[in-house]
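In: Sequence and predicted structure below; questions after.
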Amino acid sequence: MIGIEVPNVLFRTRVRDESIGGDNPYRWQDVTTEELFAGKKIVLFSLPGAFTPTCSTYQLPRYEELYDEFKQYNVDEVYVLSVNDSFVMNKWLEHLNIKKVKPIPDGSGTFTRQMGMLVDKDNLGFGYRSWRYAAVVEDMTVTAWMEEPGRSDNYDQDPYMVSNPENVLEFLGKFLPE
């Protein structure tokens, strides 16, 4: 995966807009991969689903905790991507009080499929979801890739050891001048 360019797809997002007022002040905003990644250094991590145990208890909260450390390596943003819609992603981040890591809703799985990371998780009643991975993306190009072992349809385990934020930080630290 290192050296590949991330696919340019359209993400359907919901963004807060106070001018709307009321109980649900959100509007639709389409965002392209190019808008998110071009000319930037991004940490991207993807996971099977919002509100799932490993993703909610360990992965997303830990990336949030270490966000400021990522910024020390000239990272522009840290994004969490999941094959969930924007409503679910926004509510999940709100539920966990995530303020720094930004969501990328890949509701139809288009980005995930084009990255080769879409897996069938029917064995858990999920349908198609993303395999767990983390990447550093610089100006649309993957410069680091950390994929959990066992990627396959209906895999009976949920590994989380390779794509953790500590491994991403270790990669970023290797390229600092001494």
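Out: Cool, got the structure. Because the structure is a prediction, the values reported are computed rather than measured.
In: Run a quick neighbour tally on V43.
Out: The tally of other residues near V43 (other C-beta atoms under 10 Å) stands at 27. From N, CA and C alone the C-beta is placed, and that goes for glycine too.
In: where does the nearest residue to it once chain neighbours are set aside land on pLDDT?
Out: The shortest distance from V43 to any non-neighbouring residue, by C-beta to C-beta, 6 or more residues apart in numbering, is to V78 (4.5 Å). With respect to pLDDT, V78 has a value of 98.
In: so Y58, which of the three states?
Out: Following DSSP: H, G, I helix; E, B strand; the rest coil, Y58 is assigned to helix.
In: Give me the distance between it and P149.
Out: As judged by C-beta to C-beta, to the nearest Å, Y58 and P149 stand 17 Å apart.
In: Those two: who's more crowded?
Out: More crowded of Y58 and P149, by other C-beta under 10 Å: Y58, with 14 against 10.
In: Show the contacting residues for the closest residue to that one other than its chain neighbours.
Out: Closest residue in space to Y58, ignoring its immediate chain neighbours: Y160 at 6.5 Å, by C-beta to C-beta, 6+ apart. Contacts for Y160 were tallied using C-beta atoms under 8 Å, 6 or more residues apart in numbering; they are T54, Y58, Q59, R132, E148.
In: Name the nearest residue to the third one, sequence neighbours excluded.
Out: Using C-beta to C-beta, 6+ apart and skipping residues adjacent in sequence, the residue nearest Q59 is L47, 5.7 Å away.
In: so where do the helices sit in this protein?
Out: Taking DSSP state H as the test, the helices found in the chain are 33-37, 53-54, 60-65, 67-71, 86-95, 110-114, 165-173.
In: For these, which has the smallest mean pLDDT value?
Out: helix 53-54 (a mean of 92).
In: returning to what we had before: tell me what the residue nearest to Q59 is bridged to.
Out: S82 (DSSP bridges).
In: For it, list the residues it contacts.
Out: Contact partners of L47, counting by C-beta under 8 Å, 6+ apart, are T54, C55, Q59, L60, V80, L81, S82, S130, R132.
In: just the residues you listed now: which is nearest Q29?
Out: Closest approach between those and Q29, by C-beta to C-beta: L81, at 16.5 Å.
In: I'd like the distance between the closest one and I20.
Out: Using C-beta to C-beta, L81 is found at 26 Å from I20.
In: Comparing the two, which shows the higher neighbour count?
Out: L81 (24 against 10).
In: That's all I had, so thanks and see you.
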